[in-house]
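Trainee: Can you look at this prediction? I've put the sequence above it.
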Amino acid sequence: MSTKRDLDQDLVRQLAKALADNDLLNEIEIEQDGVRLRVVRARPAAEGVTTVEVALPATVRAEAVAPVVEVGPHPGMLSSPMVGTAFRAEAPTADPFVQIGDTVREGQTVLIIEAMKVMNHIPAPRAGKVVRILVEDGQPVEYGEPLMIIEELK
């Protein structure tokens, strides 16, 4: 007799296999009975590897997942111009483009967003000081999602 957990694990395996078998897919997401499964193809440097994100029902999520930090409107907000995967450095072993407290010039690369196997350099929209970085290296991002806050120097 199969349990719900076994079925969930089987579903994750099936989704990961479907992603691995189809070069045109980079991501599969489904939601059923309050559980969301998202399978995302890993960075190009790790071909054939997939990562799995599982969203648990709200009753479990509050205890098992770190709280989301809400960020209100800010004039120095840098938002994602596209859907993709954010990287804070040029390569896994390289230093990050910027750290909190760094001073940047307008147009300086502060992140890379990989979308459809293209590395897109994301420039600072203004000169200033990096006061918050809101994404982790390798984190999937959505269009318009806050990435960092750069305050003008006074």
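Mentor: Sure, I can see it. Since we're looking at a predicted model, the values are computed, not measured.
Trainee: Go through stretch 78-90 and flag the buried ones.
Mentor: By neighbour count, and taking 16 or more other Cβ atoms under 10 Å as the criterion, the buried residues in stretch 78-90 are 78, 80, 82-88. To be clear about C-beta, it is placed using only N, CA and C from the backbone, and glycine gets the same treatment.
Trainee: start to end distance for that stretch?
Mentor: Stretch 78-90 has its terminal residues 19 Å apart, counting by Cα to Cα, to the nearest Å.
Trainee: where along the chain do the helices fall?
Mentor: In the chain, the segments counted as helices under DSSP state H are 4-21, 58-64.
Trainee: which stretch in those is the model least sure about?
Mentor: Taking each of the helices of the chain in turn, the lowest mean pLDDT turns up on helix 58-64, with a mean of 40.
Trainee: and this protein, what are its domains?
Mentor: Each structural domain of the chain that the record assigns through automatic domain parsing is listed here as a residue range: 4-64, 77-151.
Trainee: before we move on, the earlier item: could I get the buried residues of stretch 78-90 in TSV, plus columns for distance to residue 108 and pLDDT?
Mentor: Shown next, in TSV, are the buried residues of stretch 78-90 (distance: Cβ to Cβ, whole Å; pLDDT from 0 to 100):
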residue	distance to residue 108	pLDDT
78	11	91
80	17	91
82	19	91
83	23	92
84	20	92
85	21	93
86	16	93
87	16	94
88	14	94
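Trainee: Dump those residues into TSV; add distance to residue 129 as well.
Mentor: Below are the buried residues of stretch 78-90 laid out as TSV (distance: Cβ to Cβ, whole Å):
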residue	distance to residue 129
78	13
80	21
82	25
83	28
84	26
85	26
86	20
87	22
88	17
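Trainee: and the domains of the chain, which is most packed in?
Mentor: Neighbour counts averaged per stretch over the domains of the chain are highest for domain 77-151, at a mean of 16; criterion: mean count of other Cβ atoms under 10 Å.
Trainee: re the thing from before, looking at the domains of the chain, which one has the lowest mean pLDDT?
Mentor: Looking at the domains of the chain, the lowest mean pLDDT belongs to domain 4-64 (a mean of 60).
Trainee: mind checking how far residue 111 is from residue 136?
Mentor: In this structure, residue 111 and residue 136 are 11 Å apart, going by Cβ to Cβ, to the nearest Å.
Trainee: joint contacts of the two?
Mentor: 86, 88 (Cβ atoms under 8 Å, 6 or more residues apart in numbering).
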